[in-house]
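In: sharing a model prediction with you, sequence too.
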Amino acid sequence: MKSFLYALVAAALWATACAAAEKVDMTDGALTLQGTLYRPGGPGPYPAVVALHGCGGLDDHRAAGKQLYGEWTKVLTAKGFVVIFPDSFGSRGLGPQCRVRQTKVRPSRERVSDANAARRWLQTQNFVRGDHISLLGWSDGGIAALWTVRPNSAPHDGSADFRSAVALYPDCQRLRQTAWSARVPTLVLIGAADDWTLASTCQQMVAGARGRSARAEIVVYPGAHHEFDRADSPLRLRTGLVHTADPSGRAHRGTNPAARDDALKRVPQWLAK
């Protein structure tokens, strides 16, 4: 009975969050970048977060719903942040990319452009603090966030830069190989048991950036797998994936309550600085 009541309350909360969603269009050259905007009540201006979805895209209803992105949206808007999700795949007529080896939307190129287009759009809105816009990304979106904050990706149009960034369980292999560093404070959160993206590679990437980077930190959660921040998601094996830690295309994802609770507290604190 308690679980049934909990499900009803959770569904009602998510329905409330959905009702607050606003669909917006952002122009970036020839591309009309579609996005979903959430904002706290009141006129603002508020700090804002550009939120970059994972390889499942915003059409992944299990992620876009109450289990993942919806939960983060509720937490961040409750803390006084405007949140915008640019739809990198749907805007280009693409579906989920988790099983597409040669994707047309690369985290190092197109998704960097999308992050900056969303930042510039937010800076034209009177309810947003244009000097306090941060980045938050999950998996493929986390990779894009890390590419976006590299020193050679700084904006050259006179607009205010991102304030900070958080990447959840990104694949750090290529970034490590290219001697990654960040121009803004950047936090990486990843599980020690992640068999899709390896924590050790991200640790090496962050360690290699010391002395030539803005503040960069990493938290590795013991026993946590990919998407540890999902709500009420039992550990499951996914197959047929690309870019997993080994060539099998198999990886696990699921909730780790301790890691999730810590991330939900730690991330808003980082973004508020």
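Out: The structure has been received and is ready for your questions.
In: got any ranges where this structure has weak pLDDT?
Out: Applying pLDDT under 70 to the chain picks out residues 1-19, 60-66.
In: ok, now with 90
Out: Residue ranges of the chain with pLDDT under 90: 1-20, 27-29, 41-43, 58-67, 101-102, 156-158, 243.
In: report the buried residues of the longest strand seen in it.
Out: For the chain, the strand with the greatest residue count under DSSP state E is strand 128-138. Buried residues in strand 128-138, counted by 16 or more other C-beta atoms under 10 Å: 128-130, 132-138. Just so you know, the C-beta spots here come from the backbone N, C-alpha and C atoms, and that holds for glycine as well.
In: quick one: the helices in the stretch 101-250 of the chain?
Out: Here the stretch 101-250 of the chain has its helices, by DSSP state H, counting those that start in this stretch, at 110-122, 140-148, 173-177, 199-208.
In: okay, those in JSON lines with mean neighbour count and distance to Ala167 next?
Out: JSON lines is the format used below for the helices of the stretch 101-250 of the chain (neighbours: other C-beta atoms under 10 Å; distance: least, C-beta to C-beta, whole Å):
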{"stretch": "helix 110-122", "mean neighbour count": "23", "distance to Ala167": "12"}
{"stretch": "helix 140-148", "mean neighbour count": "28", "distance to Ala167": "3"}
{"stretch": "helix 173-177", "mean neighbour count": "18", "distance to Ala167": "10"}
{"stretch": "helix 199-208", "mean neighbour count": "19", "distance to Ala167": "8"}
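In: so which of the buried residues of strand 128-138 comes closest to Val220?
Out: Nearest to Val220 among the buried residues of strand 128-138 is Trp138, at 16.5 Å by C-beta to C-beta.
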